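**Student:** Give the three-dimensional model of this entry:
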Amino acid sequence: MAGPEVPPLAWLAAPVLLGLIPALIAHSKGRSFANWWLYGAVLLPIALAHALRLQAFYCPQCSSPVPADTLTCEICGLHFVPKAQPVKRPPWEKPPA
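**Tutor:** Numbers count the residues shown, from 1 in each chain. As a prediction, this is how the structure comes out:
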């Protein structure tokens, strides 16, 4: 005797709804909601553990959380200095002296 049959829509709705958990956690720490929702819907256990370990970004002047890709605080208007990115050169090109 077989158990009750699970409707196919439930197999789609469960990851969609459960993906909201890591997305909300990551969004509260300044990360992209949509990217983390997709990550959570596909790989829920890994995304949840990853989202819980994320460090939040805070403005040094007003201590409000800011998105990771922002260059200006939305609350106090402080401008952040982006980290210098190394210049990528082909391996055959010598760096300037």
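
**Student:** make it CA atoms for all contacts and neighbour counts henceforth
**Tutor:** OK.

**Student:** which ones are touching residue 29?
**Tutor:** Contacts here follow C-alpha atoms under 8 Å, 6 or more residues apart in numbering; on that basis residue 29 touches 54-57, 65-67.

**Student:** Turn those residues into a markdown table, columns for secondary structure, neighbour count and distance to residue 10.
**Tutor:** Compiled in a markdown table, these are given as follows (DSSP: H, G, I helix; E, B strand; the rest coil; neighbours: other C-alpha atoms under 10 Å; distance: C-alpha to C-alpha, whole Å):
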| residue | secondary structure | neighbour count | distance to residue 10 |
| --- | --- | --- | --- |
| 54 | coil | 13 | 30 |
| 55 | coil | 11 | 33 |
| 56 | coil | 16 | 34 |
| 57 | coil | 16 | 36 |
| 65 | strand | 17 | 36 |
| 66 | coil | 20 | 36 |
| 67 | coil | 19 | 33 |
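
**Student:** Now render these as CSV, adding pLDDT.
**Tutor:** As requested, those are arranged in CSV below (pLDDT from 0 to 100):
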residue, pLDDT
54, 89
55, 85
56, 79
57, 80
65, 81
66, 81
67, 78
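
**Student:** Name the SS class of residue 68, please.
**Tutor:** Using DSSP: H, G, I helix; E, B strand; the rest coil, the structure places residue 68 in coil.

**Student:** Isn't it up against residue 58?
**Tutor:** No - contact criterion C-alpha atoms under 8 Å: residue 68 and residue 58 do not qualify, at 9.2 Å.

**Student:** Name the residue closest to the centre of this structure, please.
**Tutor:** Among the residues of the chain, the smallest C-alpha distance to the mean C-alpha position (C-alpha atoms, centre = their mean) belongs to residue 31, namely 3.9 Å.

**Student:** Hmm, that residue is touching residue 68, no?
**Tutor:** Yes - taking contacts as C-alpha under 8 Å, residue 31 lies within contact range of residue 68: 6.2 Å.
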